[in-house]
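S.K.: Build the 3D model from these lines:
(one chain, ligands or ions: 1)
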Amino acid sequence: MLKRIDLSRDYHKHKEEYMAAIEAVCEETAFSGGSFADKFDKEFAKYCGVKYATGVNNGTTALQAAMIALGVGPGDEVIVPANTYIATAWGVTHAGATPVFVDCTADTWEIDPSKIEEKITDKTKGIIGVHLYGQPFDFAGVKAIADKHGLFVVEDCAQAHGAEFEGKRVGGLGDIGCFSFYPGKNLYAFGEGGSCTSNNEEYIDTINVLKNQGCRVRYYHERIGYNMRLEGVQGAVLSVSLKYLDEWTERRRVIGKRYMAGITNDKFVLQAHPENTDPVFHLFEVQVPDPDDFLSYMARNDVECNRHYPVPCHLQKAYADLGYKEGDCPNAERLAAHCATLPLFPEMTDEEVEMVIDLCNKY
Ligand SMILES: *Cc1c(COP(=O)(O)O)cnc(C)c1O
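M.R.: Purely as a prediction, here's the structure:
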């Protein structure tokens, strides 16, 4: 069975290096925060082309911390795409504010800037754009609206480490970038991890205090804080993986482009990748008439596929009290009804890629 994603291949390939990194943390007992987490912050900031990065314990808390650092709280609204992983919206909700969902475009499947303005009220504080599936959203389009209305822009980069918009890496385009290192993301920890990136020293300073129980000096708590620190083991493992990220991204791009060129069956609708972006193919999504039928066809042929995401955020039960209904975000709803995810990870062999293409074309 070819898995949708198989992390064991990378683990076995670089096992000795990973284990040496973990051992070094143990020798120093630098388990929570500490030198290995700090070292990774510097390396990751450099990688993203931003001034600062600060590691946190996962991508969901990265979003929550970003919201709090930007002054979001009860009574505020933040615009979020309906087509994203739910954690984008949790970031807003966990800061005490309300997410306001906006549809994606019909072709890029990313947030539609032309649908943002109608959702802005006097409570709106900002916009979270998501570089979903590794495809940068239309940052220029979103930023123009944000500037016109005095709103912040946060980038949810959980699926897009190293992706570029107009030649610039994501994470430093908006006010704060939020990353996840959940296993299976393009850059991943051996457990949970995340990071906030920014060129704004004040935001990063606030997040440093927030993530560390609200203190700068131990046991002196200057504000309500959280325990959101990155673990030392994760920092050390991430420093190893970061060395391979460019190589992994290059391979993801080769596979993604091979799928785009190779899948010619007209049952499939593929995502559009605008010229001014360089995606990193975190997930290769296709729209098919009946995703469940497609998934079982692939499984019968020994290929595992899955779905991202079967229910759009605005129709999730958890947000029922916000009063959205079917038809509010038609493009996101069509995607949710028809999406399927093909296997894609850097260690896939050329034969496996060709097998997936062949099966798609015979479907
Ligand atoms: C994975 C993900 C998150 C959440 O990150 P965690 O580390 O799992 O908390 C947020 N947004 C998007 C788009 C994601 O894919």
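S.K.: In stretch 280-300, which residues are buried?
M.R.: Residues 280-288, 291, 294-295, 297-298 are the ones in stretch 280-300 that count as buried (16 or more other Cβ atoms under 10 Å). C-beta here means a position set from N, CA and C on the backbone, and glycine is covered the same way.
S.K.: Now, these that are in strands?
M.R.: Residues from the buried residues of stretch 280-300 lying in strands, with DSSP state E as the criterion: 284-287.
S.K.: Closest one to the ligand out of these, please.
M.R.: E285 (12.5 Å; Cβ to the nearest ligand atom).
S.K.: check contacts around that closest one.
M.R.: Counting by Cβ atoms under 8 Å, 6 or more residues apart in numbering, E285 touches 109, 133, 271, 308, 335, 339-342.
S.K.: Find the nearest non-adjacent residue to the residue of the stretch 201-350 of the chain found nearest the ligand, please.
M.R.: Of all residues in the stretch 201-350 of the chain, the one sitting closest to the ligand is H282 (7.8 Å; Cβ to the nearest ligand atom). Of all residues not flanking H282 in the chain, G134 sits nearest, at 3.6 Å (Cβ to Cβ, 6 or more residues apart in numbering).
S.K.: which bits of this structure sit near the ligand?
M.R.: Contact residues (Cβ under 6 Å from any ligand atom) of the chain with the ligand: 58-60, 84-85, 87-88, 130, 156, 158-159, 180, 182, 192, 194.
S.K.: how about 8 Å then?
M.R.: 58-63, 84-85, 87-88, 90-91, 130, 132, 156, 158-159, 178, 180-182, 185, 192-194, 282 (Cβ under 8 Å from any ligand atom).
S.K.: Now the residue of the chain found nearest the ligand. Nearest residue, chain neighbours left out?
M.R.: Going by Cβ to the nearest ligand atom, the ligand is nearest to G59 of the chain, at 2.4 Å. Spatial nearest neighbour of G59, chain neighbours left out: S180 (2.5 Å); criterion: Cβ to Cβ, 6+ apart.
S.K.: burial count for Y309?
M.R.: Using other Cβ atoms under 10 Å, Y309 is surrounded by 18 other residues.
S.K.: any idea how far it is from G225?
M.R.: Using Cβ to Cβ, to the nearest Å, Y309 is found at 32 Å from G225.
S.K.: Next: E43.
M.R.: For E43, the distance to G225 - Cβ to Cβ - is 26 Å.
S.K.: Report the contact partners of the residue nearest to H282.
M.R.: Applying Cβ under 8 Å, 6+ apart, the residues contacting G134 are 159-160, 163, 186, 252, 279-283.
S.K.: Can you add pLDDT and give these back as JSON lines?
M.R.: Below are the contacts of G134 laid out as JSON lines (pLDDT from 0 to 100):
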{"residue": "Q159", "pLDDT": "98"}
{"residue": "A160", "pLDDT": "98"}
{"residue": "A163", "pLDDT": "98"}
{"residue": "N186", "pLDDT": "98"}
{"residue": "R252", "pLDDT": "98"}
{"residue": "P279", "pLDDT": "98"}
{"residue": "V280", "pLDDT": "98"}
{"residue": "F281", "pLDDT": "98"}
{"residue": "H282", "pLDDT": "98"}
{"residue": "L283", "pLDDT": "98"}
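S.K.: Any chance of the backbone angles for the closest residue to D278 other than its chain neighbours?
M.R.: Nearest-residue entry for D278: E164, 4.0 Å, with adjacent residues in sequence omitted and distances by Cβ to Cβ, 6+ apart. When read as degrees, to the nearest 10, the backbone of E164 gives phi -120, psi 140.
S.K.: for E164, what are its contacts?
M.R.: By Cβ under 8 Å, 6+ apart, E164 lies in contact with 136, 170, 277-278.
S.K.: So which of these are in strands?
M.R.: Short answer: the contacts of E164 in strands (DSSP E) are 277-278.
S.K.: Neighbour-wise, give me the winner out of the contacts of E164.
M.R.: That'd be V170 among the contacts of E164, by other Cβ under 10 Å, with 31 neighbours.
S.K.: That one reaches I176, doesn't it?
M.R.: No - using Cβ atoms under 8 Å, V170 makes no contact with I176, being 11.7 Å away.
S.K.: Show me the common contact partners of those two, please.
M.R.: E155.
S.K.: in stretch 129-147, what's buried?
M.R.: Buried, per 16+ other Cβ under 10 Å, within stretch 129-147: 129-139, 141-143, 145-146.
S.K.: Stretch 27-45 too?
M.R.: In stretch 27-45, counting by 16+ other Cβ under 10 Å, buried: 30, 33-34, 36-41, 43-45.
S.K.: Would you format those residues as TSV with pLDDT included?
M.R.: Formatted as TSV, the buried residues of stretch 27-45 follow (pLDDT from 0 to 100):
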residue	pLDDT
A30	96
G33	90
G34	94
F36	98
A37	98
D38	98
K39	98
F40	98
D41	98
E43	98
F44	98
A45	98
